[in-house]
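Asker: Turn this into a structure:
(chains A and B)
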Amino acid sequence: MIYGKMWTVVKPTVGIPVFLGAVAVGSFCVHLAVTTHTTWVSKFLNGEPIHKAAASS
Amino acid sequence: MATDKVGLTGLTEAESEELHRNLVQGTQFFGMIAALAHLLAYIYTPWLG
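Answerer: Numbers count the residues shown, from 1 in each chain, chains lettered A, B, ... in the order given. Purely as a prediction, here's the structure:
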């Protein structure tokens, strides 16, 4: 494929941080969305066990 | 020879291909770790019932 040649056009000192930054921003957005649109994640992060049955046995 | 032709960034095509191979490999590692994390989340959390 041609993609290997992209670094002859895009400076790696620019392209790689932008690539990693985009992954980080995307990951942060997904984690934020999951945390704000579910109940069990925040409960888990506040120490409440997820599976009530597992916790009581 | 095409591979030692210097591009706009000063890298040769061979250097660019080498850098890209490592970047792709790193991204694959990231992907495998993420897949494992999703599997664990699927097993141990109420995600998807």
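Asker: Quick check on the residue of chain B found nearest chain A: phi, psi?
Answerer: Residue of chain B nearest chain A, by Cβ to the nearest Cβ: B:Gly7 (2.4 Å). C-beta: built from backbone N, CA, C; applies to glycine. As for B:Gly7, its main-chain torsions (degrees, to the nearest 10) stand at phi -90, psi -170.
Asker: so what's it closest to, chain neighbours aside?
Answerer: A:Thr8 (2.4 Å; Cβ to Cβ, 6 or more residues apart in numbering or on different chains).
Asker: which phi and psi does that neighbour have?
Answerer: The phi/psi pair for A:Thr8 (degrees, to the nearest 10) is phi -90, psi -10.
Asker: if we can go back for a sec, so the residue of chain B closest to chain A makes contact with A:Lys11?
Answerer: No. Counting by Cβ atoms under 8 Å, B:Gly7 stays clear of A:Lys11, with 10.0 Å between them.
Asker: so B:Val6 bridges to which residues?
Answerer: B:Thr12 (DSSP bridges).
Asker: So, low pLDDT: which residues of chain A?
Answerer: A:51-57 (pLDDT under 70).
Asker: and it, which of its residues are near chain B?
Answerer: A:3-12, A:16, A:19, A:23, A:38, A:40-41, A:44, A:50 (Cβ under 8 Å from any Cβ of the partner chain).
Asker: Tell me, how many residues neighbour B:Ser16?
Answerer: By other Cβ atoms under 10 Å in any protein chain shown, 22 other residues sit near B:Ser16.
Asker: Remind me which helix or strand it belongs to.
Answerer: helix B:13-44 (DSSP states H and E).
Asker: Could you pull out the buried residues of that helix?
Answerer: Judged by neighbour count using 16 or more other Cβ atoms under 10 Å in any protein chain shown, the buried positions of helix B:13-44 are B:13-17, B:19-20, B:23.
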